[in-house]
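Colleague: A structural model of the following input is requested.
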Amino acid sequence: MLRTAFIFFLLVSVKICCAQSKTSKVTEQDYYDFFNSLIEHDSIWIKNLSETPFFPSSIFNSDSISPEYYLDGHSKLKIFSGEDIAFMRQQLDSSKNFLWQENFHTNVVVISSKELDKYFGKRKLRWDKYYKHHEGVLSSISIPLFTQDMTECVVYIAHSCGGPCGGGCVYIYKNVNGRWIRIDQFNCWIS
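Modeller: So this is what the prediction gives:
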């Protein structure tokens, strides 16, 4: 009986350690490398970036769709294994406090949440004030959620330009010879 309990404890410990090592495999530098690759090689244009990475706001709204919505059975994500989806979930959980840092790219201005609250907090939509201080649209990009082998990822990118003006998509990218190539997109919106 004691031997069985010990073996069970050992197996659970190994499983927990393996799960933790998968999560720690993705670093903040991986996020920045991915983002910089998009700016260099994709048709992504980002000038002003919200410091807070997120999937669509409705996903984190507890009254609406959960963050797992995109990971739980969207037909476009059927290309990923169950292990990859679990790994992406771990990344969502472990990156909740991540913020895009200023000066990580010379052509991108990272705007703090505190500053954005001045323009848009408490249901204000003061695009006139925003444009007095910033040229160009406001972009938001989530952290990329990588597969275990770091060759593919899912990312949400959106642009807002005031009033009924903006657009966004969830994209799937694949790393081909060190370059991130967009292979699919879904849940796109435009206004």
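
Colleague: and residue 44, what pLDDT?
Modeller: Residue 44 is assigned 65 on the pLDDT scale.

Colleague: how about residue 135?
Modeller: For residue 135, pLDDT reads 87.

Colleague: isn't it right up against residue 107?
Modeller: No: Residue 135 is beyond contact range of residue 107, at 12.0 Å (criterion: C-beta atoms under 8 Å). For glycine as for every other residue, the C-beta is placed from the backbone atoms N, C-alpha and C.

Colleague: can you list residues touching both of those two?
Modeller: Residues touching both residue 135 and residue 107 by C-beta atoms under 8 Å, 6 or more residues apart in numbering: residue 47.

Colleague: then stretch 79-95 to CSV, C-alphas only?
Modeller: Output in CSV follows, covering the C-alpha atoms of stretch 79-95 (Å, rounded to 0.1, in the frame of the first residue of the first chain):
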residue,chain,number,x,y,z
ILE,A,79,-5.1,21.6,-36.7
PHE,A,80,-3.5,21.7,-33.2
SER,A,81,-3.1,18.6,-31.0
GLY,A,82,-4.8,18.4,-27.6
GLU,A,83,-1.4,18.8,-26.0
ASP,A,84,-0.8,22.0,-28.0
ILE,A,85,-4.1,23.4,-26.9
ALA,A,86,-3.3,22.6,-23.3
PHE,A,87,0.1,24.3,-23.7
MET,A,88,-1.6,27.4,-25.1
ARG,A,89,-4.0,27.4,-22.1
GLN,A,90,-1.0,27.3,-19.8
GLN,A,91,0.5,30.3,-21.6
LEU,A,92,-2.7,32.2,-21.1
ASP,A,93,-2.7,31.5,-17.4
SER,A,94,1.0,32.3,-16.9
SER,A,95,1.1,35.5,-18.9
